[in-house]
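1. With the sequence up front, the predicted model follows.
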Amino acid sequence: MKITAIGTGNAFSAKNFNACFLLEDTDSAGVEHRLLLDCGQQVLPALRLLGIDIESITEIYISHAHSDHIGSLEAIGFMHYDWMNKPKEATERGDSRQSPVLIANKNLMHELWEWSLKGGMACIEGLDAELSTYFRLMPVPPNKQFEWCGWSCSLIQQVHIMTGSVILNTFGLMLEKPGKPAIYFTTDSQHCSPRQIELFYRKADIVFQDCECLPFLSGVHANYAQLAGHPDTNSVVLNTSIRNKMWLTHYQDFVSEGKKVISTLSGMEFYGKSGTQSGMIDFDWDAQAAKDGFRGFLKVGQVIQVD
Ligand SMILES: [Zn+2]
Ligand SMILES: [Zn+2]
């Protein structure tokens, strides 16, 4: 399988697009599949820059309903909607305007439409549309796997922003196939309780880990200092063997620009640089990641071949 980092930033970065991946493999019938793992609002220009045809996407997996993971679904849905021939249903493979299969946890799929997409997509030229008008749907029941190109794909609940008292429907993805390395995409994780996902960290051979590089904990994503086990972060220290598996997907443009934010706001000292004022300093993140035992920071367009 070929994995391409479509973007390793998020809605808050100008250059790094969204934390989305392209997975390419062939099924048992020899048909090539291209699965988009999350579909953030800048996926379309990101794919274009990498020379990847959006029409070639066969499946879209959605981890959770934040905009930087679903922001392009409306555009892709309208792009594939068959105005002339099949106004009530997503088109099948083989049609010139085939609709991708949309894969998500069953409850998330419902919320995706009711909370996010319905307002912009429910009414088109007098037709009451459903999500199934635009996409072929594959809702995955809780605690069930789906199969993709011979890979068994498990949805791993992550702790992510809470609404009131309820943890969002947020699911990373673990891919397993006999004779192949197991791959774990955390998507967005808060890392606040790494013990709960340690089982999956151990099971995986390769981990694609979200990683903010701010000098404070946003509470939305895992933070570099936590993952690296910095003593000030009050975090469970990950075993070195786990860090060795991790490709980090950073969320800020300043990382790829070789900069680091220093701040006295949190009162924390980061890697020996306790700034006296907020600002930017030069910083070699790749060198730091190597020193801390990570595989490294993913770059936009980087390809990881999994054999
Ligand atoms: Zn999120
Ligand atoms: Zn996100």
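-> Nice, thanks for sending it over. Residues are numbered from 1 along each chain as shown. Ligands and ions are numbered 1, 2, ... in the order given.

2. Check the gap between the residue in the stretch 1-150 of the chain that ligand 2 sits nearest to and ligand 1 for me.
-> With Cβ to the ion, the shortest gap between the stretch 1-150 of the chain and ligand 2 falls at residue 68, namely 4.3 Å. Quick note: C-beta positions are derived from backbone N, CA and C, even for glycine. Distance from residue 68 to ligand 1, counting by Cβ to the ion, to the nearest Å: 7 Å.

3. List the buried residues in the helix or strand encompassing that residue.
-> Remark: residue 68 resides in helix 67-70, with elements defined by DSSP states H and E. For helix 67-70, burial by neighbour count (16 or more other Cβ atoms under 10 Å) applies to 68-70.

4. and of those, the nearest to residue 170?
-> Closest to residue 170 out of the buried residues of helix 67-70 is residue 69 (9.2 Å), distances taken as Cβ to Cβ.

5. Would you mind listing what in the stretch 101-250 of the chain touches ligand 2?
-> Taking Cβ under 5 Å from the ion as the contact definition, the stretch 101-250 of the chain meets ligand 2 at residue 188.

6. How is whichever residue of the stretch 101-250 of the chain sits closest to ligand 2 classified with respect to secondary structure?
-> Closest residue of the stretch 101-250 of the chain to ligand 2, Cβ to the ion: residue 188 (4.3 Å). Under DSSP: H, G, I helix; E, B strand; the rest coil, the three-state class of residue 188 is coil.

7. ok, it - how many residues close by?
-> 25 (other Cβ atoms under 10 Å).

8. Pull up the gap between it and residue 283, please.
-> 24 Å (Cβ to Cβ, to the nearest Å).

9. Make JSON lines from the buried residues of helix 67-70 and add distance to residue 216 and pLDDT to it.
-> Compiled in JSON lines, the buried residues of helix 67-70 are given as follows (distance: Cβ to Cβ, whole Å; pLDDT from 0 to 100):
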{"residue": "68", "distance to residue 216": "19", "pLDDT": "86"}
{"residue": "69", "distance to residue 216": "23", "pLDDT": "92"}
{"residue": "70", "distance to residue 216": "26", "pLDDT": "94"}
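
10. Okay then, goodbye and thanks.
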